[in-house]
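Student: Okay, sequence plus prediction incoming.
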Amino acid sequence: MSDPSAREAGFREQFTRFAEEIRQVVNAVFGGDVEVTVTDAEHRSQIVADVPLTVEGQNLARLKIDLWCCLDSRQQYLAVEESTYQLVAQVDRAPIFRFEYERAAKSKPAAHLQIHAHRGALSHLLSQARHRTPHSMESLHLPVGGDRFRPCLEDVIEFLVVECRFDSTAGWHAAVQAGRERWRRTQTRTVVRDSPGEAAAALRALGYTVAAPDGVADPQDDVVRMRRW
Amino acid sequence: MVRVVQADRQHLEARRAEVLARYDVTLAEFADRAAAYALVGDEWDAWDELRGIAFLLDDV
């Protein structure tokens, strides 16, 4: 797809489809009719959704979804530049936790979890270690699987339903499972593109005949990506 | 429904100015407070919005 306008149209189509998948899963799990907003700028788009979370009908929190998208380095596939799934309390309008992904992160893990909480023992420990903000637990970025194996939106949603016990619809689990399967199939294809050598070896071990493309002696694995924090 | 908003630079910059005026701070001051984990209440949403605008403007 070399025509820039066709590429842009393809990008918008991928992006709108992605937003629609998010809308369908949150509405299937939490009911209601949550609106998903796509803000479209030149070569970049943002998806935002605020999902009310209730317990026995009382609105106590919201799941805030925020994704920044652009085309990948091959100008072919939609790439998530950053994503945030955060639980925000109604009582103080501040985050409780944030699952974040930053594709260009350098000084922290690309996929990480930040927890907004306090623990005296941790503050003491970080103070002793001369941490810059020892009293802010949220300044710690807990690694959660890197670029390819990070949690998906459906993982966060299942956590909110099963462990936090927010209200959900009768059919929530099927919607979560279908979305997670879609995510993991996409990530599997991406991982194969990162490491075709490993993919070929695994397929050969299963009995498949796999041949490299003409002119390619050894599959080139993206070692940088595979080693990234 | 999925609502699609077409945003140009003028619109995004105006929105950024509006958010900053609401809190009577500059973008640098807001960024400093966020970096120090000193945001409270609605400031979190405002900071998320400012970061999103910066991404759309390619100012990140």
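Tutor: Perfect, I can see it now.
Student: any idea which element A:A61 lies in?
Tutor: In this assignment (DSSP states H and E), A:A61 forms part of strand A:58-71.
Student: That strand pairs with which strands, parallel or anti?
Tutor: strand A:44-55 (antiparallel), strand A:78-89 (antiparallel) (DSSP bridges).
Student: near chain A, which residues of chain B?
Tutor: Contact residues (Cβ under 8 Å from any Cβ of the partner chain) of chain B with chain A: B:1-9, B:12, B:36-37, B:39-42, B:44-45, B:48, B:52, B:55-58. (Each C-beta comes from the backbone N, C-alpha and C, glycine too.)
Student: rerun that using 6 Å as the cut-off
Tutor: When proximity is defined by Cβ under 6 Å from any Cβ of the partner chain, chain B lies next to chain A at B:1-7, B:37, B:41-42, B:44, B:52, B:55-56.
Student: Redo those residues as CSV? Include distance to A:A94.
Tutor: Below are these laid out as CSV (distance: Cβ to Cβ, whole Å):
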residue, distance to A:A94
B:M1, 29
B:V2, 28
B:R3, 26
B:V4, 30
B:V5, 26
B:Q6, 32
B:A7, 27
B:Y37, 11
B:G41, 6
B:D42, 9
B:W44, 6
B:G52, 18
B:F55, 22
B:L56, 24
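Student: Pipe the residues you listed into JSON lines and attach secondary structure and distance to A:R148 per row.
Tutor: Below are those laid out as JSON lines (DSSP: H, G, I helix; E, B strand; the rest coil; distance: Cβ to Cβ, whole Å):
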{"residue": "B:M1", "secondary structure": "coil", "distance to A:R148": "31"}
{"residue": "B:V2", "secondary structure": "strand", "distance to A:R148": "27"}
{"residue": "B:R3", "secondary structure": "strand", "distance to A:R148": "31"}
{"residue": "B:V4", "secondary structure": "strand", "distance to A:R148": "29"}
{"residue": "B:V5", "secondary structure": "strand", "distance to A:R148": "31"}
{"residue": "B:Q6", "secondary structure": "strand", "distance to A:R148": "32"}
{"residue": "B:A7", "secondary structure": "coil", "distance to A:R148": "30"}
{"residue": "B:Y37", "secondary structure": "coil", "distance to A:R148": "29"}
{"residue": "B:G41", "secondary structure": "coil", "distance to A:R148": "35"}
{"residue": "B:D42", "secondary structure": "coil", "distance to A:R148": "35"}
{"residue": "B:W44", "secondary structure": "helix", "distance to A:R148": "29"}
{"residue": "B:G52", "secondary structure": "helix", "distance to A:R148": "24"}
{"residue": "B:F55", "secondary structure": "helix", "distance to A:R148": "22"}
{"residue": "B:L56", "secondary structure": "helix", "distance to A:R148": "26"}
